[in-house]
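S.K.: curious how this folds, go ahead:
(one chain, ligands or ions: 1)
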Amino acid sequence: MRASLIQMHVDPAEPVNSRRERAGSLIRERASSDLVVLPELWPVGAFAFETFADQAEPCEGPTHQAMSQAARDAGVWLHAGSFVERAPDGTLYNTSLVFSPDGALAASYRKIHRFGFDKGEAVLMGAGDTPVMVPLPDTTLGLATCYDLRFPELFRQLVDAGAQTLVIPAGWPARRRAHWSLLARARAVENQSYVLACGTAGTNGGVEQAGHSVVVDPWGEVLAEAGPYEEVLTVDLDPAKVAKTRADFPALRDRVLGLDTP
Ligand SMILES: NC(=O)CCC(=O)C(=O)O
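M.R.: Below is the predicted model:
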């Protein structure tokens, strides 16, 4: 299974429409991949909070349409990263979309853990409350977004429900790059799963982005890692490696659940 992670440069100087077109072109260039992944909030920038309300779209807005078309043109499964969704009741969400190769929407996921503590995304957006998985022909995706990476219980829930490949679009800041790399590997090792973690390059909202998108295998080996600039990582995954790792080193089986609270 060939996966491509498109680490886009997100710069407020580039109009959203042209970035959307550019994303479509980059996806079409990856027609030889089975799965293409984009980062978090690439239309606007994960830290460009002041633009969220203006750039919010209904679920079937321009980003949905452009990504559906690109998935169909390329004939790929597309995790289209996330965009600012305006729900019918007016609430904003950080929403990821996954399209099948015929361009149909296969799944959407509203980010559960909002970043910013008492400001930014945490106050501007509503929180999702539903973990989401997407069955592909060769693997089952478990979806998470950026700050979710810090919450291992979400990933364990996804894995318990059958996820084998954890997909994490992000807009992770450069100053916490060490956490990003460490946590991506940790989630792969502890869950004996592939991790596809796709970030952005550039600076938005005054926050320099880390880049360094990474693909980690179920044993924790880094199969590919991007640098700090716009870049596409393409990696061949062996879906059977998940079951093999879990059988050869059955740590997931050895969990002890339901211990008394000390
Ligand atoms: N967009 C985000 O979720 C940023 C997360 C982050 O900066 C961190 O966890 O650190």
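S.K.: could you list every helix and strand in contact with the longest strand belonging to the chain?
M.R.: Across the chain, the longest stretch assigned as strand under DSSP state E is strand 77-86. Based on contacts counted as 3 or more CB pairs under 8 Å, 6 or more residues apart in numbering; DSSP states H and E, the elements that strand 77-86 packs against are strand 35-37, helix 62-74, strand 92-99, strand 165-169. The way it works is simple: take the backbone N, C-alpha and C, and place the C-beta from them, glycine included.
S.K.: per-residue confidence averaged over stretch 65-83?
M.R.: Taken as a whole, stretch 65-83 has a mean pLDDT of 98.
S.K.: only alpha carbons, please: show it as PDB.
M.R.: Taking C-alpha atoms only, stretch 65-83 is exported to PDB below (Å, rounded to 0.1, in the frame of the first residue of the first chain):
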ATOM      1  CA  GLN A  65     -15.800  19.900  -3.400                       C
ATOM      2  CA  ALA A  66     -12.200  20.400  -4.500                       C
ATOM      3  CA  MET A  67     -10.900  17.500  -2.500                       C
ATOM      4  CA  SER A  68     -13.700  15.100  -3.700                       C
ATOM      5  CA  GLN A  69     -12.800  16.000  -7.300                       C
ATOM      6  CA  ALA A  70      -9.000  15.600  -6.600                       C
ATOM      7  CA  ALA A  71      -9.600  12.100  -5.000                       C
ATOM      8  CA  ARG A  72     -11.700  11.100  -8.000                       C
ATOM      9  CA  ASP A  73      -9.200  12.500 -10.600                       C
ATOM     10  CA  ALA A  74      -6.300  10.700  -8.900                       C
ATOM     11  CA  GLY A  75      -8.200   7.600  -8.100                       C
ATOM     12  CA  VAL A  76      -6.800   7.600  -4.500                       C
ATOM     13  CA  TRP A  77      -8.100   7.300  -1.000                       C
ATOM     14  CA  LEU A  78      -7.700  10.900   0.300                       C
ATOM     15  CA  HIS A  79      -7.400  12.000   3.900                       C
ATOM     16  CA  ALA A  80      -7.900  15.700   3.000                       C
ATOM     17  CA  GLY A  81      -6.500  17.000   6.300                       C
ATOM     18  CA  SER A  82      -8.900  19.300   8.100                       C
ATOM     19  CA  PHE A  83     -10.700  22.600   7.400                       C
END
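S.K.: that one: which residues count as buried?
M.R.: Within stretch 65-83, the residues that count as buried by 16 or more other CB atoms under 10 Å are 66-68, 70-72, 74, 76-83.
S.K.: show me where the chain has its strands.
M.R.: 2-7, 35-37, 77-86, 92-99, 105-110, 133-135, 140-143, 165-169, 194-198, 203-204, 207-208, 214-216, 222-225, 231-236.
S.K.: hang on, isn't V132 packed against A107?
M.R.: Yes - V132 lies in contact with A107 (CB atoms under 8 Å); the separation is 5.3 Å.
S.K.: overlap in contacts, the two.
M.R.: L143 (CB atoms under 8 Å, 6 or more residues apart in numbering).
S.K.: which of those two has more neighbours?
M.R.: The neighbour count for V132 versus A107, taken as other CB atoms under 10 Å, is higher for V132 (20 against 16).
S.K.: ok, how many other residues are close to D148?
M.R.: Count around D148 with other CB under 10 Å applied: 25.
S.K.: chain neighbours aside, what residue packs nearest to it?
M.R.: Excluding the flanking residues, the one nearest D148 by CB to CB, 6 or more residues apart in numbering is H113, at 4.9 Å.
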